[in-house]
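Colleague: need coordinates for the below:
(chains A and B)
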Amino acid sequence: MRQLAVLISVAMSGLAVYAAYRMLQIDIFQVKPLTTDLTQFPSPQLGNEYALWLGVLLTAVGTALIAYKWAIGFDGIQKKTYGIDTVTGE
Amino acid sequence: MNRFVNAMWRAWARVDTWFNKVYPQDYNPMYYLGGLANLLFWLVIGSGILLFLYYKPSLLHAYESVEFLTTRVPYGQAIRGLHRYSADAMVVWVVLHFLRVWLTDRYRKFRTIAWISGIVLLVLTLTVGVAGYLLVWDERSLLLVRMTQWMVGGEQSYLGQLLVGGSKITDATLNRFLFFHIGMPFLMLFFLWMHYIRINRPVVYPPAPVTLQAFGIVFIVCGVVPTVSMAPAIIEVVPKQMQIDWFFQWGYWLAGVFAGAAGANSGVAPYVVWSIGLLLVTCLFFALPYVTQTGYMNVVKVIPEKCTGCEYCYVDCHANAIKMITTPEGINSKGGKRSIAEILPSRCAECGICVGACPFGAIELPQLQEIEIKDRIGLIANLPAPEPAASPAAD
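Modeller: Predicted coordinates for the structure are as follows:
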């Protein structure tokens, strides 16, 4: 369980860095009048792509923090984290 | 009814258990349903202010201004999507919060005010959301306005004219809906204040990781599913179909179903059937805490002679049921007037937390001994049972 939590935490941190990289790739000052289909995806001009990667970044950081909490708080002997049995949930 | 509520309570407990397997207990989003709804409320407000800067509330320019915002303003569509999807998510959390409070029996006695204000907030949330859809002024907006007129008795009815700003759709109509959409959130702030007022240290916001996940998911959805309008509204042409946003517009669908069911074999106007139904359901939920009230059985009592005015009970009481009052007799350690705890019976949760908090034995639950309370607290906190007090004979 602890190993899985560490793995998730590391993977999510990696994903967060990748999302930040993708956000930096977008020129946020690029503004062009659109003539294209509004449902176009991804569309830097409409902000879709930026919103997507920002969302991925936030979700990944949140999930990494939660996994980190599991990793440091999980008691491998009692199979409990903060007094909760991880098998029965009680 | 009790069996239904019990079954639902058990189902809810299972969901909690499942979430506790995935999340550490202090990050379980099911424990922050109200906090998440509150958080999203501020996200809706923030994105709404940005949208309002570009919006023109007139029949001629409303659609055009929304399209300009969506297609020409940098990141306009993303902000519009943020406004829409955070409002949708807010409805989900508000309804889950409502169900949790109802099914876990936490709406009576000292929680009555929070329950009543919560129902009002739920109704306001849905109303504000529907009013927002009318502002876009596309085919869906027109159909919703027509359906609203029909639901309140037609164009000539008093309510119809009040909502639409006259018997015909004019610029005043959009101004009125803009008022509903922006004015009502201020009313929501008042009811939010009422919602929290009786709770000591309310959990207004969830912890950071849960907040990040909630925001992140909303951002992902507004990136993946772009928000678009339907064709512009033409008043003379009533559209036959629209895409329903199930988070806000289920009421219109329900009204159609009720109207279809009642209209065929009765002389009663369809809107009477659905509006009475909706009113009944709302009134039922308003009355729930009073109908199921069991009365106060075991309100705590303060023993003034033992109370030192330390305020431990006052700080620990989650229901704000204890206040400190000064007494004419005696002085405190700082030379000021001595204060003692006083119980406000109508707010008491009869939980015994204050009994456990008092180191001087100055508070008691008349029908429960202190040793039993500490035993219960020990069970919950997984602590060893307290030692029974030594009897004078043993000394």
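
Colleague: from chain A, how far out is residue B:157?
Modeller: 37 Å (Cβ to the nearest Cβ, to the nearest Å). Quick note: C-beta positions are derived from backbone N, CA and C, even for glycine.

Colleague: do the same with residue B:341
Modeller: Distance from residue B:341 to chain A, by Cβ to the nearest Cβ: 31 Å.

Colleague: where does that residue fall, phi/psi-wise?
Modeller: Torsion angles at residue B:341 (phi, psi; degrees, to the nearest 10) stand at phi -80, psi 140.

Colleague: okay, now it: neighbour count?
Modeller: Residue B:341 has 26 neighbours, counted by other Cβ atoms under 10 Å in any protein chain shown.

Colleague: unless I'm mixing things up, it is touching residue B:316, no?
Modeller: No: using Cβ atoms under 8 Å, residue B:341 is not in contact with residue B:316; the gap is 11.0 Å.

Colleague: okay, and the common contacts of those two?
Modeller: Both residue B:341 and residue B:316 are in contact with residue B:354, where contact means Cβ atoms under 8 Å, 6 or more residues apart in numbering or on different chains.

Colleague: which one's the longest helix in chain A?
Modeller: helix A:48-73 (DSSP state H).

Colleague: may I see the buried residues of that one?
Modeller: Burial within helix A:48-73, assessed by neighbour count using 16 or more other Cβ atoms under 10 Å in any protein chain shown, is assigned to A:48-71.

Colleague: any regions of the stretch 151-300 of chain B where pLDDT drops low?
Modeller: B:258-271 (pLDDT under 70).

Colleague: which residues does stretch B:58-67 contact?
Modeller: B:54-56, B:80, B:135-138, B:169-171, B:173-174, B:229, B:232-233, B:235.

Colleague: ok, of the residues you listed, which come out buried?
Modeller: B:54-55, B:80, B:135-138, B:169, B:173-174, B:229, B:232-233.

Colleague: farthest-separated two in these?
Modeller: B:80 and B:169 (23.5 Å; Cβ to Cβ).

Colleague: residues contacting the residue positioned nearest the centre of chain B?
Modeller: In chain B, the residue lying closest to the centroid (Cα atoms, centre = their mean) is residue B:118, at 4.3 Å. Listed by Cβ under 8 Å, 6+ apart, the contact set of residue B:118 reads B:97-98, B:101, B:195.

Colleague: and the two most separated of the residues you listed?
Modeller: Taking Cβ to Cβ, no two of these sit farther apart than B:98 and B:195, at 11.8 Å.

Colleague: centre of the chain to stretch B:229-247, how far?
Modeller: 30 Å (Cα atoms, centre = their mean, to the nearest Å).

Colleague: buried residues in it?
Modeller: B:229-230, B:232-233, B:239, B:242, B:245, B:247.

Colleague: let me have those in TSV, adding distance to chain A and secondary structure as columns.
Modeller: Output for the buried residues of stretch B:229-247, formatted as TSV (distance: Cβ to the nearest Cβ, whole Å; DSSP: H, G, I helix; E, B strand; the rest coil):
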residue	distance to chain A	secondary structure
B:229	8	coil
B:230	11	coil
B:232	14	strand
B:233	17	coil
B:239	19	coil
B:242	17	coil
B:245	17	coil
B:247	19	coil
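
Colleague: can you give me phi and psi for residue B:138?
Modeller: Torsion angles, degrees, to the nearest 10, at residue B:138: phi -110, psi -170.

Colleague: pretty sure it sits against residue B:228.
Modeller: No: the criterion here is Cβ under 8 Å, and residue B:138 misses it with residue B:228 at 9.3 Å.

Colleague: what is the neighbour count of residue B:294?
Modeller: If we define neighbours as other Cβ under 10 Å, then residue B:294 has 7 of them.

Colleague: and if you look at the one 10 residues further on?
Modeller: Other residues near residue B:304 number 13, with proximity taken as other Cβ under 10 Å.

Colleague: where's it relative to chain A, distance?
Modeller: 38 Å.

Colleague: surely that residue forms part of a strand?
Modeller: No: residue state for residue B:304 (DSSP: H, G, I helix; E, B strand; the rest coil) corresponds to coil; a strand is not indicated.

Colleague: tell me the pLDDT at it?
Modeller: Per-residue pLDDT puts residue B:304 at 87.

Colleague: let's verify residue B:215: helix, strand, or coil?
Modeller: helix.

Colleague: what do you get for residue B:54?
Modeller: Residue B:54 is classified as coil under three-state DSSP.

Colleague: contact partners for residue B:251?
Modeller: B:126, B:130, B:278.

Colleague: checking it next. Helix, strand or coil?
Modeller: Residue B:251 - assigned by three-state DSSP - is helix.

Colleague: gap between it and residue B:57?
Modeller: Residue B:251 sits 24 Å away from residue B:57, going by Cβ to Cβ, to the nearest Å.
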